[in-house]
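Chemist: Sequence first, predicted coordinates after that:
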Amino acid sequence: MPRVVLMVGTRKGCFLLESDTERRNWEVRGPFCEGWPIYHAVHDAASGDIYAAAASEWHGAGIWRSSDLGESWQLSSEGLAYGADGLKLSKVSGLAAAHGRVLAGGEAAGIFVSRDGGVSWSLLSTLDNQPGRDDWNVPSNQPPGHLGMPGILTHPDDPARFYVVVQGFGIFETTDDGATWTPRNEGLRADWPREYDEVGFCVHKLVMAPDRERLYQQTKRLATCAPQILAKREIERGQQEDVKQVGRGQHASVTVCRMRGTTPIVAHQKGRDRPRRPRPGLRSGEARSSVGPATPDAGGPSCELEPVNP
């Protein structure tokens, strides 16, 4: 029977929560990774491996891997370094596993790749020559957490095409496996002064809908400290469709934003939800998680969204 596994990264290590497809009762296992703080954890549906991005004040940055759903773990930091260009790797904060490889985003902001199941790593890109590149690795310019590159989104059909999120600066896309990059932030909102028109947006999360035509991104509105989740869908140039709100949650609204040509039609939430007190257990801001099938034959991406009816 298919199982659902929830991977939770905390300051005390990685926890695995398992349930059946009804998701009414959960079994909690952990903490794993020898108590290292875990910033992100993902499940590779093709190989069955779990990867956990870690950083320790004593041991530095590394990536843990489990090939048996958490029964045993191996740590690797081989190749996780920037060399002599002046950048220093303080942590690994984002992961993505697809197309037979694993991508890892770090702070200072850069992306590493492993093609041998997380045994060794090599630097792929530091997004040189992008607007804001000289600023985003300066600690005083970074948002709280100093995560660097916490978001990586691969394209299911094209290994050379993927997106990354640089904390406090926005989304960047490559279509040639990291050789060149293009900012993809037009139409987003920032309530603070920005030096560059193309960047300066506090994007927290980026996911792709199952139809592979919509991207959902979560940003933080500094004025209200309330995130909003926006989506955009690429359609043929010249067409125009209305913006549609499709859901609403705590501190957030989910909105579908159509494209007019190459310019996204962006709508911002009008209401403000009052923040609720955090529940007992994990402290606010302590955990990041991702959901995926517990077995490779369960199928589907590691995070699924229901299609939105146009």
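Modeler: Okay, I see it.

Chemist: ok, now which ones touch residue 183?
Modeler: Residues near residue 183 by CB atoms under 8 Å, 6 or more residues apart in numbering: 130-131, 170-172, 198-199. Glycine gets a C-beta too; all of them are placed from N, C-alpha and C.

Chemist: one more time with 6 Å, if that's ok
Modeler: 172, 198-199 (CB atoms under 6 Å, 6 or more residues apart in numbering).

Chemist: Which one of these is nearest to residue 44?
Modeler: residue 172 (23.3 Å; CB to CB).

Chemist: Now do the helix or strand containing that closest one: distance to the chain's middle.
Modeler: Taking DSSP states H and E as the criterion, residue 172 maps to strand 170-174. The gap between where strand 170-174 is centred and where its chain is centred comes out at 12 Å by CA atoms, centre = their mean, to the nearest Å.

Chemist: Restricting to C-alpha, output that strand in PDB.
Modeler: Output of strand 170-174 as PDB, limited to C-alpha atoms (Å, rounded to 0.1, in the frame of the first residue of the first chain):
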ATOM      1  CA  GLY A 170      14.200  36.900  -6.300                       C
ATOM      2  CA  ILE A 171      13.800  34.100  -8.900                       C
ATOM      3  CA  PHE A 172      16.300  33.300 -11.700                       C
ATOM      4  CA  GLU A 173      15.900  30.900 -14.500                       C
ATOM      5  CA  THR A 174      18.500  29.000 -16.600                       C
END
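
Chemist: can you list the residues that contact that strand?
Modeler: 163-165, 181-185, 199, 201, 203.

Chemist: Now do the buried residues in stretch 50-61.
Modeler: Buried residues in stretch 50-61, counted by 16 or more other CB atoms under 10 Å: 50-55, 60-61.

Chemist: I'd like to know which of those residues has the lowest per-residue confidence.
Modeler: pLDDT across those is lowest for residue 60, at 89.

Chemist: Compute the distance between it and residue 42, please.
Modeler: 21 Å (CB to CB, to the nearest Å).

Chemist: Now do the helix or strand harbouring residue 9: which elements does it pack against?
Modeler: Assessed by DSSP H and E, residue 9 sits inside strand 4-10. Helices and strands touching strand 4-10, by 3 or more CB pairs under 6 Å, 6 or more residues apart in numbering; DSSP states H and E, are strand 13-19, strand 38-43, strand 288-293.

Chemist: ok, back up a step: what's the first helix or strand after the strand holding residue 172?
Modeler: Following strand 170-174 in sequence, per DSSP H and E, is strand 182-183.

Chemist: strand partners of that following strand, parallel vs antiparallel please.
Modeler: Paired strands of strand 182-183, with direction, are strand 170-174 (antiparallel) (DSSP bridges).

Chemist: Nothing else from me, thank you.
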